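**Q** Got a sequence here, can you build the structure:
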Amino acid sequence: MDLQAYSTFTRREWSALRFNTPLTLSEADLVALSGLNEVVSEQEVVEVYLPLSRLLNLHVRAARQLGAVKDEFLGRFVRSPPYVVAIAGSVAVGKSTFARVLQAILARWPDHPHVELVTTDGFLRPNAWLQENGLMQRKGFPESYDLRAMVEFLGRVKSGAAEAKAPVYSHQAYDIVPGQWQTVAQPDILIFEGLNVLQTKTAEGPVGRSPAVLVSDFFDFSLYLDADRTDIENWYIERFLLLQRGAFRKRSSFFHHYKDLPDREARDIARQIWRDINLLNLTENILPTRERAHVVLRKRADHMIGEVRLRQI
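**A** Sure, this is the predicted structure:
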């Protein structure tokens, strides 16, 4: 990683940048927002999320001021488009939990109460398509996503369309839910979370438009959750074992056949899935995008953020 492009803050230094940003989440909120194997503490919110929310609030305000400049130049009011924040990182690094907490905090700022969260899971190709094209073992890799649909969705959001619809993904069924959609209606902020959101692979544009568009072209700000690979592997295995004792026991679960595996065998399978699929995706596709992020948040082995890097150039 090119550290010259970033200013690096220790946790204590980053925490000091909170200034007087108030804590607006209750203990019950934190319990509800915590992940399967990741507890969100008040200390983490105060020392990491609140300074980050202050930074993002300043960026949103600056974007609106720039929009006012355009209004003045054009001599007419142009509605400010939603501010789009991307969150990238590996499987099991804690993106979903991080995104939920950030959404809850940002929505409590009075300037932008309408904050939506959309994950890229909904833009995965259906399992039938993946199987037909021999990509089931590449699920989560760039080629397993419908990039055109993703670009069209973000394009509608950024253009200020009355609403934009994203497909819905079921982690239990491990597949797209036919006929179900998440509707996003002109939010103040959209958080867009996923594995490869910062990738440089292009999607062909609609007929008559530019032939190549990056998903990241629609982002105003981007975050990358980082950690040692050994720690992420341990978190993945831990999560797999928790799911085996819970969600996998449901007959409707795609992974129901793993429910009765002995602990040692379950660990071996989880480790194999991690190394054959998720680690490969991380090293080939996700990690190379890290330096495109405006902020890199480095996690410790205990899931807490230990260091924050803010891009300067």
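
**Q** contacts for the strand or helix carrying residue 265?
**A** Element membership of residue 265 [criterion: DSSP states H and E] is helix 263-273. Outside helix 263-273, the residues within contact range by C-beta atoms under 8 Å, 6 or more residues apart in numbering are 233, 236, 237, 240, 241, 244, 258, 261. For glycine as for every other residue, the C-beta is placed from the backbone atoms N, C-alpha and C.

**Q** Show only the entries of the residues you listed found in helices.
**A** Residues of the contacts of helix 263-273 located in helices (DSSP state H): 233, 236, 237, 240, 241, 244.

**Q** Dump the residues you listed to a markdown table, plus neighbour count and distance to residue 170.
**A** Compiled in a markdown table, those are given as follows (neighbours: other C-beta atoms under 10 Å; distance: C-beta to C-beta, whole Å):
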| residue | neighbour count | distance to residue 170 |
| --- | --- | --- |
| 233 | 20 | 25 |
| 236 | 22 | 20 |
| 237 | 20 | 23 |
| 240 | 21 | 18 |
| 241 | 17 | 21 |
| 244 | 21 | 18 |
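
**Q** tell me what the longest strand seen in the chain is packed against?
**A** Longest strand in the chain, counting residues (DSSP state E): strand 175-184. With contacts taken as 3 or more C-beta pairs under 8 Å, 6 or more residues apart in numbering; DSSP states H and E, strand 175-184 sits against strand 115-119, strand 164-170.

**Q** deepest of the ones you listed, which one?
**A** strand 115-119 (a mean of 22; mean count of other C-beta atoms under 10 Å).

**Q** Quick check: can you name the pairing partners of that strand and their directions?
**A** If you go by DSSP bridges, strand 115-119 pairs up with strand 189-193 (parallel).

**Q** If you average the pLDDT over the partner strand, what comes out?
**A** Averaging pLDDT along strand 189-193 yields 98.

**Q** tell me the angle that strand makes with strand 164-170.
**A** If you take axes from the mean of the first three to the mean of the last three C-alpha atoms, to 10 degrees, strand 189-193 sits at 40 degrees to strand 164-170.

**Q** Tell me the first helix or strand C-terminal of the helix or strand of the chain with the lowest mean pLDDT.
**A** Least confident helix or strand, the chain: strand 202-203 with a mean of 66, by mean pLDDT, DSSP states H and E. Per DSSP H and E, the first helix or strand lying C-terminal to strand 202-203 is strand 213-214.

**Q** Which secondary structure elements does whatever helix or strand comes next after that next one sit against?
**A** Downstream of strand 213-214, the first helix or strand assigned by DSSP H and E is strand 221-226. Counting contacts by 3+ C-beta pairs under 8 Å, 6+ apart, strand 221-226 is packed against helix 50-74, strand 83-89, helix 95-106, strand 295-299.

**Q** Let's see that with 10 Å instead.
**A** helix 50-74, strand 83-89, helix 95-106, strand 189-193, strand 295-299, strand 305-311 (3 or more C-beta pairs under 10 Å, 6 or more residues apart in numbering; DSSP states H and E).

**Q** Can you pull up the most central residue in this structure?
**A** Computing the C-alpha centroid of the chain and ranking residues by C-alpha atoms, centre = their mean puts residue 193 first, at 2.1 Å.

**Q** beta partners of that residue?
**A** residue 87, residue 119.

**Q** which residues does it contact?
**A** 85-89, 95-96, 98-100, 102-103, 117-121, 223, 225 (C-beta atoms under 10 Å, 6 or more residues apart in numbering).

**Q** Can you list the buried residues in stretch 234-251?
**A** 234, 235, 236, 237, 238, 239, 240, 241, 243, 244, 247, 248 (16 or more other C-beta atoms under 10 Å).

**Q** now, among the residues you listed, which is nearest to residue 293?
**A** Set against residue 293, the nearest of those by C-beta to C-beta is residue 235 (20.0 Å).

**Q** ok, the closest one to residue 276 distance?
**A** As judged by C-beta to C-beta, to the nearest Å, residue 235 and residue 276 stand 17 Å apart.

**Q** Check residue 141 too.
**A** Counting by C-beta to C-beta, the gap from residue 141 to residue 276 is 12 Å.

**Q** which one of these two has more residues nearby?
**A** Just comparing residue 141 and residue 276: by other C-beta atoms under 10 Å the higher neighbour count belongs to residue 141, 18 against 10.

**Q** And the pLDDT at the nearest residue to that one once chain neighbours are set aside?
**A** Distances taken as C-beta to C-beta, 6 or more residues apart in numbering put residue 281 closest to residue 141, at 5.4 Å, once the chain neighbours are dropped. With respect to pLDDT, residue 281 scores 97.

**Q** which residues touch residue 281?
**A** Contacts of residue 281 (C-beta under 10 Å, 6+ apart): 90, 91, 138, 139, 140, 141, 142, 144, 195, 196, 287.

**Q** what number of residues lie near the last one?
**A** If I follow you right, that is residue 287. 17.

**Q** If anything else comes up later, I'll come back, but that's it for now.
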